[in-house]
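# Based on what follows, work out the 3D shape:
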Amino acid sequence: MNKHFTITIHDDNGVRQFNLHKFVKKALYYAAIFLLTLAMIAVATILYLNSAVDSMQMKKDGIEKAYKELEVQNSELLSSMQETQKSLHVKKQELEELSDSLTEIEQMIGLKPINEESLEERVSLAKLSSSQRLTLLNLLPSGSPIEYKGITSKYGYRIHPTLNRKEFHRGTDLKAPMNTAIYATADGVVEWAGMHKSSGYGRLIILEHVYGFKSYFGHLNKIVIKSGQFVKKGQLIGYTGNSGMSNGPHLHYEIRFIHRVLNPYYFIKWTQQNYNEIFDKEKKVPWQSLITATSRITYQPILTQPSSQLAQK
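Numbering: from 1, shown residues only. Below is the predicted model of the structure:
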């Protein structure tokens, strides 16, 4: 068996022949296959790496895009937080101002704030107390029946200006020129409206209020309401004059409680600001039982002439 093969090469120098063993042929064959396989693996590897790089680049672009979106969202969130903090700061200032105002109201109406009470509880208590006070101030005579310009004769013992003897003055004489408008100082019904000759009151109005209170308006020049008529606090009822036993134009004003004459000056000056003072000054009224009786009543005032404000002038 022939184990060799011949390679013949023709060139300018002639013909040359190489006699080689077949093992060399097989070696060359396998070397060519190996190199071809190696080349294919290299090409596949390059293609795979290119694909992997493209995929990683896409992931990188996606991450960068998401990062930018997160940056925008973070910026918006930060801006929103700053706005919220600013709003909270404003609300905190408003609450502090509200608390200060509430403290002033509590002091004005005689409430003592408790540290443990929330602002809502304090507001509710002040609202309730204020409502109760408003109810009593509207149901009972309070404020001046005319524009307050002073007193000419106080409640109590005095020398009567026309009789010239010492007598108990049941009311307060308010300084007023002729035909000064007079307003009801509480809701009520007109018990008397007309001339009252025997008493010396002259033209007289008597208003009957709730819980046994009455108000008297004497020496009037003109009366604009009638007996039996219901009147509201602040309603015009007449004009001042000099009728009856009087030595000059003024308003004789009385307050009575179940026939007990009271000092009208306390009621003229009775307001939300000094609400409790009258309870210490006027002892003829059982205030505690009256407050208890009216504690569940809510008064809705009808705005007419603000007579209670006249007392402050």
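# nearest residue to the residue minimising distance to the centre of the chain other than its sequence neighbours?
Against the mean C-alpha coordinate of the chain, by C-alpha atoms, centre = their mean, the closest residue is Leu98 at 7.5 Å. Here the nearest residue to Leu98 in space, its sequence neighbours aside, is Leu119; by C-beta to C-beta, 6 or more residues apart in numbering that works out to 7.1 Å. All C-beta atoms are positioned from the backbone trio N, CA, C, and that covers glycine.
# I'd like to know how many residues surround that neighbour.
Leu119 has 12 neighbouring residues, counting by other C-beta atoms under 10 Å.
# I'd guess Ile206 is in a strand, am I close?
Yes: assessed with DSSP: H, G, I helix; E, B strand; the rest coil, Ile206 lies in a strand.
# Would you agree it is in contact with Gly218?
No: counting by C-beta atoms under 8 Å, Ile206 does not reach Gly218; the two are 9.4 Å apart.
# neighbour count winner among those two?
With neighbours defined as other C-beta under 10 Å, Ile206 and Gly218 compare such that Gly218 has more, 27 against 21.
# What strand or helix carries the more buried one?
strand 213-223 (DSSP states H and E).
# mean confidence for that strand?
Across strand 213-223, pLDDT averages out at 97.
# chain center to that strand: distance?
42 Å (C-alpha atoms, centre = their mean, to the nearest Å).
# In its sheet, which strands sit next to that strand, and in what direction?
When sheet partners are counted by DSSP bridges, strand 213-223 sits next to strand 202-208 (antiparallel), strand 236-240 (antiparallel), strand 250-257 (antiparallel).
# Could you say which of these is packed most deeply?
Between those, strand 250-257 has the highest mean count of neighbours, a mean of 24, where neighbours are mean count of other C-beta atoms under 10 Å.
# next one: that one to chain centre, how far?
Distance, centroid of strand 250-257 to centroid of chain: 40 Å (C-alpha atoms, centre = their mean).
# that's a helix at the residue nearest to the centre of the chain, yeah?
Yes: assessed with three-state DSSP, Leu98 lies in a helix.
# where does it sit relative to Arg256, distance-wise?
According to C-beta to C-beta, to the nearest Å, Leu98 stands 42 Å off from Arg256.
# can you give me the strands in this protein?
Counting by DSSP state E, one finds strands in the chain at the ranges 4-11, 14-21, 151-153, 156-159, 166-169, 172-175, 181-183, 188-196, 202-208, 213-223, 230-231, 236-240, 250-257, 260-262.
# Neighbours of Thr45, how many?
Neighbourhood size, Thr45 [other C-beta under 10 Å]: 10.
# Distance-wise, check it relative to Leu36.
If you go by C-beta to C-beta, the gap between Thr45 and Leu36 works out to 15 Å.
# Would you mind giving the domain segments of the chain?
Domain assignment of the chain by the TED database yields the ranges 1-110, 143-270.
# Span of the last one from start to end?
Domain 143-270 has its terminal residues 6 Å apart, counting by C-alpha to C-alpha, to the nearest Å.
# can you give me the offset of that domain from its chain's centre?
40 Å.
# all helices of this structure, in order?
With DSSP state H, the ranges of helices along the chain come out as 22-109, 119-139, 264-268, 277-281, 287-294, 307-310.
# Looking at those, spot the one closest to Gln235.
Of all the helices of the chain, helix 307-310 sits nearest to Gln235, with 8.9 Å by C-beta to C-beta.
# Show me where the stretch 1-150 of the chain dips below the pLDDT cut-off.
Counting by pLDDT under 70, the stretch 1-150 of the chain shows low-confidence ranges at 1-2, 106-117, 124-128.
# now with 80?
Filtered on pLDDT under 80, the stretch 1-150 of the chain yields the residue ranges 1-3, 5, 99, 101-133.
# Which residues are in contact with the closest residue to Arg260 other than its chain neighbours?
Of all residues not flanking Arg260 in the chain, Lys284 sits nearest, at 4.8 Å (C-beta to C-beta, 6+ apart). Shown in contact with Lys284 (C-beta atoms under 8 Å, 6 or more residues apart in numbering): Phe257, Arg260, Leu262.
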